[in-house]
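Novice: The sequence isn't on hand, but the structure is:
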């Protein structure tokens, strides 16, 4: 994603790429999709051994970055996964890892953190609710005090890898404000129902919570700090999601440029027609802009910079829609083959479309950005 | 320039440079009047030029001029991070912004890259002191995009050349001292191989300058007519008939400057913008009672997003070119994005301000209507975005070149329009 990766980052990238190309080529992705499987736990565990899930967690909880910017390092994984539209709950697991390891009671979560980093367990960020937009600070799920813990009731949906996750970070409304609780999938009262999903292997589920008891230790974010904690989670989620989109986009652009050189019409390659060359020039420009803004969001979030919230929404509002525009243009460049099941481009379009709308649509992020900019009267 | 720089530079890091600049600016540079953004928006008036020379002199005396220029030619020889830090510190001060483009970001870098030692010593310290303003004499009335097809003639006569012809779209020529002028010196060679670049004294016998009034009333652009203008041999930049190599370098610096990636732009601000900034849009949204309208809020955010992404893109493409991972023509990526951004942002301005751009008690609102009329200037000046798209597809992506009827044909046999 960046032009100035360190030697260690480059090594990490090539190790990850080799592993993915060997263990999870597109043929395997299609096979998993046909079997209705999201990811294979053993594959996820072996990927984790490469360090995929050890980068974002706070150092005090055992996290260990490659470059000093752990989230930027994790974005290298996300970008490589985008290049091969890989399965696996990278964003969800790492958002939850960041939340747990940065929590005031991080020690209480040491065991879960260890299992997530080792890839022995996965977690999902349960922020959406049925029929609702992206409004993580306005949950409908209720958290009623119960001794020193809570009892949860309500439902989440569009939960990434919900039918395979071991833990959910659930955002809920308590009597004193919004709280976030760690709920094991196996807890009594949790019902998970898979939802039809657009991506072949990134599958979502509805998670119903019927009187689920969460002990005091399960409180990750108490009522007084939910807004800041959730902003931070949005930064991490958007950074990883954007890097993945950029990876997908880069790969689609590569094979579409190659196609323009290889495909001949009227005795000359597509790449020789100015009408098409100019579209490729636009796409190249947008691709570099998408990459630049994804990188900007990742660095800002990694450093917890003052403009990290702003740059997350800038990235999402720009590349969210631009990426799908580029891929649709690439479909057009391919002609009819581009809208067949046989051609791989739809795998990429699925992933980019899912990434466009999840964790806030470009439109939702523009409205969020307007709030950050203080457009409303009296907000200055 | 004070001697202390020579010793300070060995040990000074960016942050101490920044602090020293902050302190010096506070003590020496004039502050902008309240409400004056200090940008070149709204056009350049003639009195900007003598004032800019004074301000540049002040910067030079303070040891903050020519930050990225080599020390042997009067600069500070520092990396771009120092220039960026300085630019950030300049907010709120009156700066010689008219000198940025083309003098500092296009012409002087060409002298630095392609000139001989005498030319560098003659021009660069003078530019950095504020004593010399430069201008580009490239485009001609006969056509803009086909630069190498130019027909201004320079004929060798002993140890001088005699120049005849016309140039156009030279910004600020009336206020400039020296021009980089590209002319044809061999009519029997194919078009790129018969050109020579000259350093031309702007105000001299045989040079007539006319100013061109644009749609927004600005008259910075000029047209020049040459009638037997004498240019000494010593003023040839690079080789005789090797002018295309110099011009290519010049175009690179121009794309970089227009796209916002030049390390030589000082005091913030690139070329004049034709689109309202985020702060202005926020003010306009409020002034027109639309600050709570979700549609308007999204438009403001979109304009802001474009501006932030543009900065991120400039930084990325500059890094890519610096490290050799993108070829120099990638500067066209910044240029294309810049042109398209101006269009969209100007459009957003009109969408938010609505009928106020047509008539309003607030002259600023109508002013944005006027800048909207100049919207396409951002996709024309500095080379059209169509040429940028050609360059990106052909020289970044490696796609086949467009057919050219004049390729490898002696220029004298190339068909010309009327």
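Specialist: Right, received. Where do you want to start? All values derive from a computational prediction rather than experimental measurement. Numbers count the residues shown, from 1 in each chain, chains lettered A, B, ... in the order given.
Novice: drop to CA atoms for contacts and neighbour counts, all remaining ones
Specialist: Noted.
Novice: For the helix ranked longest in chain B, name the packing helices and strands.
Specialist: Using DSSP state H, we find that the single longest helix of chain B is helix B:294-322. Helix B:294-322 sits against helix A:274-302, helix A:308-334, helix A:362-373, helix B:278-287, helix B:331-353, with contacts defined as 3 or more C-alpha pairs under 8 Å, 6 or more residues apart in numbering or on different chains; DSSP states H and E.
Novice: Please identify the helix or strand for residue A:207.
Specialist: strand A:204-214 (DSSP states H and E).
Novice: what residue is smack in the middle of chain B?
Specialist: residue B:101 (3.3 Å; C-alpha atoms, centre = their mean).
Novice: sec struct for the residue nearest to residue A:6 when sequence neighbours are not counted, please.
Specialist: Once flanking residues are discounted, residue A:6 sits nearest to residue A:67: 7.3 Å by C-alpha to C-alpha, 6 or more residues apart in numbering or on different chains. Per DSSP: H, G, I helix; E, B strand; the rest coil, the local secondary structure of residue A:67 is coil.
Novice: Show the backbone phi and psi for residue B:231.
Specialist: phi -130, psi 120 (degrees, to the nearest 10).
Novice: wait, doesn't it sit right on residue B:200?
Specialist: Yes. Assessed by C-alpha atoms under 8 Å, residue B:231 is found in contact with residue B:200 at 6.7 Å.
Novice: Between these two, which has more neighbouring residues?
Specialist: residue B:200 (24 against 21; other C-alpha atoms under 10 Å in any protein chain shown).
Novice: partners of the closest residue to residue B:107 other than its chain neighbours in the sheet?
Specialist: In space, and not counting its chain neighbours, residue B:107 is closest to residue B:134: 6.3 Å by C-alpha to C-alpha, 6+ apart. Taking DSSP bridges, one obtains residue B:178 as the residues bridged to residue B:134.
Novice: What distance do you get for residue B:134 to residue A:143?
Specialist: 70 Å (C-alpha to C-alpha, to the nearest Å).
Novice: what sits against residue A:86?
Specialist: A:20, A:24, A:29, A:201 (C-alpha atoms under 8 Å, 6 or more residues apart in numbering or on different chains).
Novice: same check, this time on residue A:326
Specialist: By C-alpha under 8 Å, 6+ apart, the contact list for residue A:326 reads A:249, A:283, A:286, A:287.
Novice: now swap in residue B:102 and tell me
Specialist: Remark: with contacts taken as C-alpha under 8 Å, 6+ apart, residue B:102 is in contact with B:134, B:135, B:136, B:171, B:254.
Novice: Kindly recompute the last result at 7 Å.
Specialist: B:134, B:135 (C-alpha atoms under 7 Å, 6 or more residues apart in numbering or on different chains).
Novice: next helix or strand past the helix or strand of chain B with the lowest mean pLDDT?
Specialist: Lowest by mean pLDDT, DSSP states H and E among the helices and strands of chain B is helix B:4-11, with a mean of 51. Going down the chain from helix B:4-11, the next helix or strand is helix B:14-28, by DSSP H and E.
Novice: picking that back up, what's near enough to touch the residue nearest to residue B:107?
Specialist: Contact analysis of residue B:134 by C-alpha under 7 Å, 6+ apart lists B:102, B:103, B:107, B:176, B:177, B:178, B:179.
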